[in-house]
Each structure stands twice: as structure tokens, then as C-alpha cells.
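K.L.:
let me see the structure of the following:
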Amino acid sequence: MLNFCPDWERKLMAPELRQQFEEKLTSMPDAESFYLLTTFANMAMARSDPADRSFVHAATLDLFQVGFLSSATQDSCSKTARVLLANITSRHPLLLSDVLYKLQDNFTQAGKLSLYLFKELPLHLWKPTEQDLCIVSHWLLECPPSSIENQLARQILSQLNWGCEGPGAHGGELALPLELHQRVAILVVEAALRFVPETVAAGMITESVKQVSNLASSMVRPQSIEHAFSLWTWETVARLRLHILDQPEHVVWTAMANPAVAFANVPDMDSDIRLEVIVGGVKDRQPIASYVAALATTWGHSVPLICTKGFNQLQILLCHYKYDAILTVLQFYIPLFLNCEESLIECDRFISVLISLIMADRTYMKMAKNLIVPEFPGPVLKRFETMIESQMMNYRRYSLVSPCPLVRLWLLSLSQVPDWTKEPSVTYLMDVVLRSAFFHADATEMAFCILKQLHQNVTGSKHGGAISSFISWVASGSAHAVSLLPRASSPESPWFAYFVLEMEQELIEERTGLWREVLRELAVASGKANVDQAVKKAAHNLKIPTLSAASLSIYRWSQQALDTPLDHPLLPLLWQKFFTLFLARVPSASGVPNRGGVGDKFFEGMINLSFHKKLKKRLQDATEHYRAKSISDSVQAEEAAEDQLTDTLHQQQEPSTEKKIWYTECSKLFRTFGLWLEEPRLHEPSLFLPALPPQYNSNKLAALLQGNVTPWFEYMDYTKVREDQCAALQEWEVTHFRTEDHRLKVPVLANAEDSTEPDKRILKRLQSYDSPVPPPPLRPVKPVMPVVTNEMLCNRGTVLDSLKTSFKTLLDYALSYSLHVSEHTALDCNFLELVPQLYRDVELEVVLHAACDSEPHTRRGNATYCAGPAAIRLKICEARRNEGNEHLIEQNRREFESILSRAMQPPPQKVCASSVYIEHVIRLLESEFERHKSTQNADTATKLHDVGVTLFYHIITLYNDESAFYPPSKQLLTTCIETLGQVFVCGDEGQCMRLLGTVIQQPHLGGVLGPHFTPAVASTPTFLQMYKTVVETVYQQPAELSFVLLSKFDITRWLVSRRPRLSERSQFIELVGKALTAAGLNPEDEILILHEVFRKHIRQLLLHDFPEHYGEVLNLVLRGSESQNLSLEVWFDVLNALMSGEGEILAPPRRLRSGQNLGRVKEEARNYATEQKMLTYQEV
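P.N.:
Residues are numbered from 1 along each chain as shown. The predicted structure is shown next:
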């Protein structure tokens, strides 16, 4: 490559050229300046050859200069430059050091913009050099916390990748070397000691201060600059991987296999001069220095030093309430004691720390709050739980094949807490440990052994065995055996309760034989069973001290099952343990018949019977709970199947279906438990299992009756257990910055030197973004109406078959409507008949007593004495309600309301669909016929015409009183007839005679079919035949129908358009004459309108080609007059027609009329004879 300008870099950086460039850049529109800067960035990213480093370096610094250092361009270009610098440094992370050096020299110009820049830059890809770290250290230590330099230093350290580069949170290698982790830890401690040294507050510390002191307080809003700086220091040291067991997995495996070699390079507090700051902080009892010393030095790696120095540092952290920091340290300490557990258990400092953690939630404020709203577990205990769970879940990380050693170490450690059996927090943590142990056989067996040992320790007998241990429980005379359970049940710790109850059942009842002896005593007891007496007799027989009946395992298992939440995975196994005892058979010697069971006798008596009802109710609640879960899970699965159609999502839906099945099986199991609880036959010795219904689950029942105590793991919700464990692990790793940081996955711009095609580069770029939302699912929609094809429309049989169901549905509903109306009418008529009979007159006789005046009559001196009141009898009529009729009226109105409510309901959907389908078929038939007729497709048009005509006459047969009574069906049928008639019948000569016959046969259809009767289009023979048919029936049909038919015969049009022959016209005249003579001399009023139509027709024939038919008409009139069958009006019509002439065919003036003066008639006749010009003398 030719070098035309060897001093190009000096000229490029010349102040004059830079000023010109900046002036040009500021004068450009925003879009052009953006494209220009983007071009520079793309040119830099396109260079991957080491020889081009100078160019890439220059382009990067130019962008930095333009965007952040130049006062003229930083306002307009800072955002663009920030994004472009992020893209360039993503391709070339080493350039971050160049940017940092440039910023150090020009920090005043950049100012606060540097914070925005480094927030955008991919610092997770950067590996700082020694010089970089010196710059950051200077900013952090020499600048006050409120300065921008200090804030930038903190931001840079927070954004570095302190995790691993491999898959997962602990895979591969550390992204930054361990030495850098240690140096940064020392740097952060030094900054904390310099700016925010901590002191122990005097007196009672408030809850809010303790929360801020906790590492989880990063979510708390800083109250001051110093507070924010303190939070940052603790958050940063929490990110660092300072302990060997916090390194990648292969390092941890080496450390667990050979600790001496692995810990050889761990910094020593006594000899490493780099730790002077840490040593000084520890002497001053600064918690952050103690934390780093406990993790990064030999004080946290050597077991002897941990017991002496390490736990001392944890006690310093306790003084400052740094509970989360303590738990973080314990996470790495505990695995180091797996091979020397005595060192940990016997360490008083560790036990002191453990007790402090357990009691941490019991602050004054918490205790006051718990009086109102109990909160268990507290935040510290909850964090303790997540730490233990993270160890149990990551047991392979410590080169273990199972969590058994961890389970043992934690159980022994927690049991060192004084009176731990009475401490709910301890049992809660043991519950977490035992939950992990439950799913590993070796851990389960070891947990039982430890619990038995702890049980013996609690009872005070360590060497006497199970029997002597049991005797020592009750040696004091107490009727209650000592138990590891603090109460009758432990709903907060079901796993712990399960292990303890099973262990104590074995020690107390199985090994001593107490349970078997109690069963025998209850079996031989006569009358009402007394469990307390049976326990006493059994203890006496075994020569062991007695205990209360409430201490029996059958009651303890049932109480635990009663108190355990319904959704707890262990609940089915708790009920299994209960029913194992409840259905236990009475022991009998070999050869002795089976004596059955006595489980029901444990629940006799007022108190036990009440407890029995609670158990029954709880089983019903559990059954309903799992049934509801199966339904809701099924609905969610269906919704997910509709919304998501990809293969991945289908795979995610499979567990949902399996879960639904599992919920259903659990619901069945608890229903079976309920049946077992209440079925007395299960305790009978003659029980025959195959005879039981399937709901009793004979297989499981047989297993219990045979003493099979294998847990029914298939009913355990292991998925929920796993989800809870993973959630706890995730919570711990998130709060301690041990998860993969998704913000690290920053897309890098494509290589500008890429030789691939542009379309492939575009697709590759698009694939770097989030996946697009999948298309919405294609939901197949069932057509509302059946599909109608052209082939179907051309076949009348197919069309009629397809419409048969629709017509039937419509007519059936119309008939139903008619029946309802008739029923309604009948009810109303009946009501009108009953109302007058509601009251009836009843004749009554009423007796009134009329008394005399109260004063004596002394007139004329004679005294009148009263003989008593007079009885007056009156007969009256009283209206009384007829109770029988009143009942009938009430019944009538109830039926009326019922009919009315049914009538108010909308038509069924199938009726509406049928109506729409009928209209749809007719509309398609019409459109297809018009289309083929217009394209001269005669064959198809003929077929469609045939189908249309057939359908027309078919619908006519359906139109009756019932179908016409229902308005919607009437409107639909008449509309269909109208449409088909106009298209296929009206104007078709072949249909005229058939239509006329239909009208004559069904006169009630005259108004519907009449408009489609068009005789004018018929040929003359057909026209005459139709007219003859009408004439023959004209007076037998209703006058209105006959008039409609006659009015359709347009004689004038027929004569002009068809030009009938003379013989045909004569035939027509004869037909008219026949009709006129049939009307008689004096036609009745009903047929006058028809008579006038025939008279009009005879006039039109008379004047057509006059005088062609003059003689015929005259002869017709004379014959009719001779037989006295012709009305006189016909003569007047003929004479008036002759007088009016050819121009008055339709409406000749009536110069002559009946009832006219004879003289007037003669005068008109004389005038006609002298003035007429229509006839010649010879014709007259």
C-alpha cells in the first residue's frame, strides 16, 4: 500500500482541521450528521487486521471527541456517539482503555456525560489493565463520593463482569482473574474505611437501620450520599468471587479433593503485605474488612483458622447486623467441615452465630407487629432457608453424590441450639433440610438415624436403647411422652413432622409392641370402647409405663394431616400413614381367624366423634381442592393450545395435561379416603375386597390391609417441590449476583468486511433481535350455512333435499306458534267465562231484635210493660266468592303467564339459520340463472330455470293457513314466491296454463300468484284455452279471484300483437257470449264487475277490424235476447260502440242507456242512421 502522506496522523489532528470539521458537522442537518458519524463507526468496525489498529483507534477517539469533549458538538452528537462507541467497543473491547485515558485527560469537558457514556459501553467485555485500575482507584479514593469522578469509578466497577465466562453461573473460567477480584476487594474496603467507616450504634437499633445494613438493602432508596456509597461497597464486595468455593466448578472440585494444594495460594493475613488495609480494618472492627477477611484470606479457608478467626469475624458482622453477609460466608464455610463435623458442632462461636441468626427476626418492632399480623418466617430466616437450599441443590458442586453429608451436618448443627425442639425457627430450617433428604434414600436413612439419636438425647437416655429410652420418657409419672415436635402438629414444617412422627411411631409403638397390644385390648373390649383404658391395659400387659391416648400415632398423624395445607406435596402421604393405622387388623396368632380391625373405635365418644367429623370435612375439602385444580388446569391448557401453535409451546403444554390427570387422580384418592373413613365394613373380618365398588380402590386398600407401608410417591407433587427449591435457589443467586446477567448479551453490529450477500446480512441482523410474535392461531370457523355449489343448483332433487330440513324447521315452528296462539285464545275465552262466575249470590235470613223505648209510657195513667225485644226476620242476598272458580282463574292466569313468557322468547337459532339458508339458495339460484342467461349458456340456464320453477311450486304447496298465520314465515314464503315467480314463471308461456290451474285449485293463493299470471305472452291457442278455462269457472270462484284473472287478459294487446285468425277471434266471441249468457238477464250484484269485463271484451272484438265481426256479435246478441239470457246492458254497449266509432274502443260515450226516455232513444237512433259512416247501405 502506497503511503502518500506519512505524517497523516499529525495533520488529521491539527486544530485547524478539527475546528473546520466541527463547524461543518454543526451546520449539517441531524440526519446527515448521523449518517456521517455512522459511516466512521462502520469503517472502524470493518477493520479487524491488527495493522489497522491505528485507524480504529483514531476513529474511536474522533467519535469520543465529537460527542463528549467538543463543546460545539456534544449537545447534538452525544447520544449518537454514545451508541456508536458502544458498537465499536463491542467489537474491539481494548478500545475502552483508550477512551478511559482520553477521558482522564479531559474529564472537565466531558463532565456528567461520561456517566451516560460508560453506562452504555460494554464494560462486561473489558479486561482492565494495571493502568486502567490505577485510574479508577485514583477516582475512587482521591475524589469525594459526591464527585462525578467517584461516581464514574463506582459505575465502572459495578459493570465489570465478575462472573464466569462459561455456561451457567459457575461454568468455565472467571471472566476476570482472581487477583483482580482480590485487588478490587481491597480497594473497596479502603474506600469504605476512608469515606464511610461504620460504628456500632448505642442502645436499641431500629428495624429500618438493620434493613439498610443488610446486603439486600440495595433495593432500599439511599437516604444520603454516604448511605449510597455504603450500599455500593457492600454490593460490590458481594459481586466478587473471593472464596475458593465461589470459583468455577473445576476449581471447587479440586479444592474439595485436595484442600492443601488448592488453598496454598490463598492470601495470609499475617504475611501478605497487600492485606494491610484489611488488617487495619479488622483491628478497628469494621464489618466490611471482616467480611473480606472471612472470605478472601486463610481465615476463611483453613478449618482451624475458621474456628478461631473466621467465626470471630462473623461475630463482628453480627454486631453490625450484617446478616446477609454472615449467611454468604456460612455458605462457603459449611462444606469445608464435611469431613470434620465435630469441629463445627463443638465450636461455641459457630453455635453463637447460629443462634443469633435464628433469633435475628425477633426485634422489638417485629414482636410488636406479630401481635397484630403474625409473620413467619421472617426475612432473615427466609434468607437462611434460601442459603441452605442453594447448598442442597448444588451438592454436586462439592464433589458429593448426594446431599447426605450436608443434611447430616445441618441437622447436627441446628440441634445444638438450646431447646431447639421448642424453637419454630429451628424446626423450619430442619424442614428445608429434610425436604431435600426425602428424595435421596441414603439421606433419608441417615436423617432417621440422627433424629433417633436426638430423640434419645432429649429424653436423657443415650445408651439404653429404645425400650429404656421410652421408659425414661414417662418415668417422671407424666402421661405425655416427650416428643421432638413442639406441638400436636407442625403445619409450618410438614417434612420435619413426617420424619419425626414416623421415627417416634417406630420407637414408641412398634418396637415396644404397644400398638399391637392396644388393638387387641380394643378388640376384646365389650360395650363402648375406651381408648384410654385400652392404652393403660396394654401398658400394664407389656409392663411399661402408660401414656395418654392423645399420644398415639393414629391421633398425631391425623392431626398433622388435618393442619397441613391442602396444596402441600406431602399431604397424601400423611393421610396414607393415618389410614395405615386406622385400617390396621387386630394381631392374631397363627391359625386363629382374622378378627378384623378396630379403627372406628378410636373415634367413639363425644370428643373423638367431633374430631372424626373434622377429618371427614378436611377430606371433602381436599377432594374439592384437587377437583377444582384439575378443571382450572384443563382450561389453562386449552387456552394455551389456542393461543400458541409452535412446537416448543406444544411441548410445554404436555406437562399441563399430565398435571390435570395427576390432579384428577389426587381428587379420586381423597374421595377414596373419605369413603374409607366412613365405611364400617372395612373393619369387619369378613371383608371381601373384590365386592367393593371401584371408588374404594381395592388395590391400595389391599396393600394397607397387608401392612405394606411403602409410600405412594405417585401422589406426591414432585413438580411443586422442585419449583419451590428452584425458586429458593434463584432467589439466593439473584440477591448475591450469581445469575447470568442478561444485559451482557449486547448485539454486535455485523462485520463491514462480510462478503455475504446483502439480503443474507439483513436476515442475519434481523435474527439478532427478539423473535417476532407468532401469527395468531387459525381457528376453523364452521359455516353458518351449508355450502351451495353450482352443480347442486342445477339438480332440482338436490336442491329440494338440501332445503327440506330448513323448510321443516320453519313450518314446525310456525305450527308451534299457531298452537300457542290458539292456546292463548282458549285461555282468554275460558277466563272470560270464569270471571262472571267468581261470585255467586247466596240468600240469607237475618234476625234483628228491636227493643222498646227505655222510658215507661204513662199516658192516661196506664202503665205499659215491655214484653221483650221484637224479632224481625229479613231475607238478603250476599255475594260470596266461589273458591273453586277462584282456583280455576288462578290456574288459568298461571298458564297464561307461562305461555306469555314462552311467546316472548326469540326464535331458536336453527329457525333463523333455516330462513337465511332458504333466502341464500334462492338468491344464488336467481343470480346464476341471470348470469348464464346473459352469457347465452342455454343448457345451464334451462336446468336452473327448471329448478326455479320446481322450487316455486314446492313453496306454493307449503303455503297454508298454519305457515301464513306466523308473520315471519308468511313473509319469508311470500317473498320467495315473489322472487321465484318474477324470475322463472312470469312471462313464461309454458307456465301460464299450469299457474292458472294452480290458482283455480287453490283460490286462497290468488293474491300471491295472480301477479305472475301473464296470458298475454302465450300463443293464441293457449290464450283461448286459458280464457275458456276462466269462463267455465268464472262464476264458481270468488268474484275477486275471477276478476284478477280476467283483468290479466289484455284483449287489445292480444289482437294487435298476436293477430289471431278470424276463426280464432270468432271462437273468442263465442266464449264471451257464453259468459254473458251465463250471467243471465239480470246479473247479481256480486258478479256485476265480471259482467262489465265481459261486456268490455265484446265491445273490443266488435270494433276490431270493423265490421269483420259485426254480424257475429249481432247474431250473438240476438240469440241471447231470444233465450231471455242476455242482459239489456249488452245491447246498449253494442249500440254505443257502433255510435262511437273506431276511435272509442276502450271507453265509448254512453249515448244510450237503460231507463232513458223513449223519445230520446228514437232521436239518437235517427241521428245515428243519418250520420253514421261505418256501414254502407249494403252492409246495413
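K.L.:
residue 876 - that's part of a strand, no?
P.N.:
Yes. When the secondary structure is assigned by DSSP: H, G, I helix; E, B strand; the rest coil, residue 876 falls within a strand.
K.L.:
go ahead and confirm it touches residue 846.
P.N.:
Yes. Applying CB atoms under 8 Å as the test, residue 876 and residue 846 come out as touching, 6.0 Å apart. C-betas here are computed from N, CA, C, even on glycine.
K.L.:
so what's residue 523 up against?
P.N.:
586, 595-596, 598 (CB atoms under 8 Å, 6 or more residues apart in numbering).
K.L.:
what's the closest of the residues you listed to residue 657?
P.N.:
Distance to residue 657 across the contacts of residue 523 (CB to CB) is lowest for residue 596, with 42.1 Å.
K.L.:
what is the neighbour count of that closest one?
P.N.:
Each residue near residue 596 was counted by other CB atoms under 10 Å, and the total is 17.
K.L.:
and it, what's its pLDDT?
P.N.:
Looking at residue 596, its pLDDT stands at 86.
K.L.:
and if you look at residue 638?
P.N.:
pLDDT recorded at residue 638 is 46.
K.L.:
now the two most distant members of the contacts of residue 523.
P.N.:
Across those, no pair lies farther apart than 595 and 598, at 8.6 Å, counting by CB to CB.
K.L.:
any common contacting residues for these two?
P.N.:
Taking CB under 8 Å, 6+ apart as the contact criterion, the common neighbours of residue 595 and residue 598 are 523, 586.
K.L.:
neighbour-wise, which of these two wins?
P.N.:
For residue 595 versus residue 598, neighbours defined as other CB under 10 Å are more numerous around residue 598 (23 against 17).
K.L.:
that one touches residue 529, doesn't it?
P.N.:
Yes. Shown here, residue 598 and residue 529 form a contact pair, counting by CB under 8 Å, at 7.4 Å.
K.L.:
show me the contacts for the closest residue to residue 257 other than its chain neighbours.
P.N.:
Among residues not flanking residue 257 along the chain, residue 399 sits closest, at 6.2 Å (CB to CB, 6 or more residues apart in numbering). The neighbours of residue 399, taking CB under 8 Å, 6+ apart as the test, are 252-253, 256-257.
K.L.:
which segments of this protein make up each domain?
P.N.:
Taking automatic domain parsing as the reference, the chain has its domains at 20-160, 169-372, 784-849+869-979, 1050-1180.
K.L.:
quick check: which of these is nearest to residue 699?
P.N.:
domain 169-372 (43.0 Å).
K.L.:
looking at the contacts of residue 523, which is nearest residue 1094?
P.N.:
Of all these, residue 1094 sits closest to residue 596, with 109.5 Å by CB to CB.
K.L.:
contact partners for that closest one?
P.N.:
By CB under 8 Å, 6+ apart, residue 596 lies in contact with 523, 585-586, 683-687.
K.L.:
rerun at 6 Å
P.N.:
By CB atoms under 6 Å, 6 or more residues apart in numbering, residue 596 lies in contact with 683-685.
K.L.:
pull out the buried members of the residues you listed.
P.N.:
The neighbour-count criterion (16 or more other CB atoms under 10 Å) marks residue 683 among the contacts of residue 596 as buried.
K.L.:
what ranges do the strands span in the stretch 801-950 of the chain?
P.N.:
Residue ranges of the strands in the stretch 801-950 of the chain, as given by DSSP state E, counting those that start in this stretch, are 839-850, 870-881.
K.L.:
so can I have a markdown table of the ones you listed showing distance to residue 932 and mean pLDDT?
P.N.:
Below are these laid out as a markdown table (distance: least, CB to CB, whole Å; pLDDT from 0 to 100):
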| stretch | distance to residue 932 | mean pLDDT |
| --- | --- | --- |
| strand 839-850 | 74 | 83 |
| strand 870-881 | 75 | 85 |
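K.L.:
between the ones you listed, which one is closest to residue 497.
P.N.:
Of those, the one closest to residue 497 (CB to CB) turns out to be strand 870-881, at 74.1 Å.
K.L.:
now that closest one - C-alpha only, PDB.
P.N.:
Taking only C-alpha atoms (Å, rounded to 0.1, in the frame of the first residue of the first chain), the coordinates of strand 870-881 have been written out as PDB:
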ATOM      1  CA  ALA A 870    -139.300  -7.800  68.900                       C
ATOM      2  CA  ALA A 871    -137.600 -10.300  66.500                       C
ATOM      3  CA  ILE A 872    -137.600  -9.000  62.900                       C
ATOM      4  CA  ARG A 873    -136.600 -11.500  60.200                       C
ATOM      5  CA  LEU A 874    -135.000 -10.200  56.900                       C
ATOM      6  CA  LYS A 875    -134.000 -12.100  53.800                       C
ATOM      7  CA  ILE A 876    -131.000 -10.700  52.000                       C
ATOM      8  CA  CYS A 877    -128.700 -11.800  49.100                       C
ATOM      9  CA  GLU A 878    -125.000 -11.900  49.800                       C
ATOM     10  CA  ALA A 879    -122.300 -12.100  47.200                       C
ATOM     11  CA  ARG A 880    -119.800 -14.800  48.100                       C
ATOM     12  CA  ARG A 881    -116.500 -15.800  46.400                       C
END
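K.L.:
neighbouring strands - and their directions - for that strand?
P.N.:
strand 839-850 (antiparallel) (DSSP bridges).
K.L.:
so residue 587 is in which element?
P.N.:
Of the helices and strands defined by DSSP states H and E, none includes residue 587.
K.L.:
contacting residues for it?
P.N.:
With the criterion set at CB under 6 Å, 6+ apart, residue 587 makes contact with residue 516.
K.L.:
with the one 10 residues further on instead?
P.N.:
By CB under 6 Å, 6+ apart, the contact set of residue 597 is 583, 585, 683.
K.L.:
so the first one makes contact with residue 706?
P.N.:
I take that to be residue 583. No. Counting by CB atoms under 6 Å, residue 583 stays clear of residue 706, with 10.5 Å between them.
K.L.:
just want to know which of the two has more residues nearby.
P.N.:
Neighbours were counted for residue 583 and for residue 706 using other CB under 10 Å; residue 583 has more, 19 against 8.
K.L.:
now do the contacts for the more buried one.
P.N.:
Contacts here follow CB under 6 Å, 6+ apart; on that basis residue 583 touches 597, 599, 704.
K.L.:
report the separation between the spatially closest residue to residue 73 that is not a sequence neighbour and residue 119.
P.N.:
Nearest-residue entry for residue 73: residue 66, 4.9 Å, with adjacent residues in sequence omitted and distances by CB to CB, 6+ apart. When distance is defined by CB to CB, to the nearest Å, residue 66 is 19 Å away from residue 119.
K.L.:
more neighbours: which of the two?
P.N.:
The residue with more neighbours, out of residue 66 and residue 119 and counting by other CB under 10 Å, is residue 66; that gives 26 against 14.
K.L.:
my read is that that one contacts residue 75, right?
P.N.:
No. Residue 66 lies out of contact with residue 75 (CB under 6 Å); the separation is 11.2 Å.
K.L.:
between the domains of the chain, which one is nearest to residue 772?
P.N.:
When those are compared (using CB to CB), the closest one is domain 20-160, at 23.3 Å.
K.L.:
average pLDDT across the closest one?
P.N.:
The predicted model assigns domain 20-160 a mean pLDDT of 90.
K.L.:
perfect, that will be all.
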